[in-house]
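# missing the sequence, but the structure's below:
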């Protein structure tokens, strides 16, 4: 606990100061009490609508999980494929450069028109938005692998799946996980956007629904809940990333020891 406060003491102080400032402004600052409700009103929402918030979270995860998992599988597979096959990469990379910057919102009309349900359209949009960071991160990771590693793998006779799982993917994993982290952040952004305009449940729907009725204590509570969920997801991802990339930390420690 002491180490936690030492590491995040300033962060905690900034958050506490923001809470105190909000409380003072809503009580004595003359702000519109409808748009800027008091803190006790906001936090009471977690008691009165807690079940609704968690039900929305479960609904959101049903959209987020399959889309993100699909992006992981196809993004890594496609990035490795493009990275290893030079001729195919030369032919198709112009299309990658053309399509990857397009925002998922451009595909909304076709997603709604072609796909049968809101859920399938949302999963498709989240997939489109999260695929490219993982694909491009994987591709970059494969392309910068030191040729010495590839030559050593050939010398050892590694081929097929052994070559991919023991050489290519581990060597490119820092870039793969970097792209996956960016995609995770984007997935929540696209999910919330989709739910605010067409869903009947979910974290984004909760905020939009109570905005329509000007219940801003519920709106702010929903925003806080969303932020907490995203923060927890990113922290868990960072822990997973550090565990998977433990060898990079060991390498950094060894290099630091040599420099001393």
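Looks like it came in fine. Since the model is a prediction, treat every value here as computed from it, not as a measurement.

# and this protein, what are its domains?
1-31, 45-259 (automatic domain parsing).

# out of those, which is closest to residue 37?
domain 45-259 (4.1 Å; CB to CB). In this view, the C-beta of every residue, glycine as well, is placed from N, C-alpha and C.

# residue ranges with poor pLDDT in this structure?
By pLDDT under 70, the low-scoring segments of the chain are 1-5, 247-260.

# select the longest helix from it.
What stands out as the longest helix in the chain, according to DSSP state H, is helix 50-84.

# what's whatever helix or strand comes next after that helix in contact with?
Per DSSP states H and E, the first helix or strand lying C-terminal to helix 50-84 is helix 86-99. Helix 86-99 has contacts (CB atoms under 8 Å, 6 or more residues apart in numbering) with 81, 82, 83, 132, 135, 136.

# try stretch 19-34
So stretch 19-34 is in contact with 36, 37, 38, 39, 214, 216, going by CB under 8 Å, 6+ apart.

# among these, which are in helices?
39, 216.

# which pair in the contacts of stretch 19-34 spans the largest distance?
Among the contacts of stretch 19-34, 39 and 214 lie farthest apart (CB to CB), at 18.5 Å.

# what about those two, which has more around it?
Taking neighbours as other CB atoms under 10 Å, residue 39 and residue 214 compare with residue 39 leading, 15 against 10.

# so the closest residue to that one other than its chain neighbours, which state does it fall into?
Using CB to CB, 6 or more residues apart in numbering and skipping residues adjacent in sequence, the residue nearest residue 39 is residue 23, 5.0 Å away. What DSSP: H, G, I helix; E, B strand; the rest coil gives for residue 23 is helix.

# quick one: which of the contacts of stretch 19-34 is nearest residue 127?
Of all the contacts of stretch 19-34, residue 216 has the smallest distance to residue 127: 32.9 Å, by CB to CB.

# which other helices and strands contact the helix or strand hosting residue 236?
Using DSSP H and E, residue 236 sits in helix 216-244. Judged by 3 or more CB pairs under 8 Å, 6 or more residues apart in numbering; DSSP states H and E, helix 216-244 is in contact with helix 39-48, helix 50-84, helix 169-198, helix 203-212.
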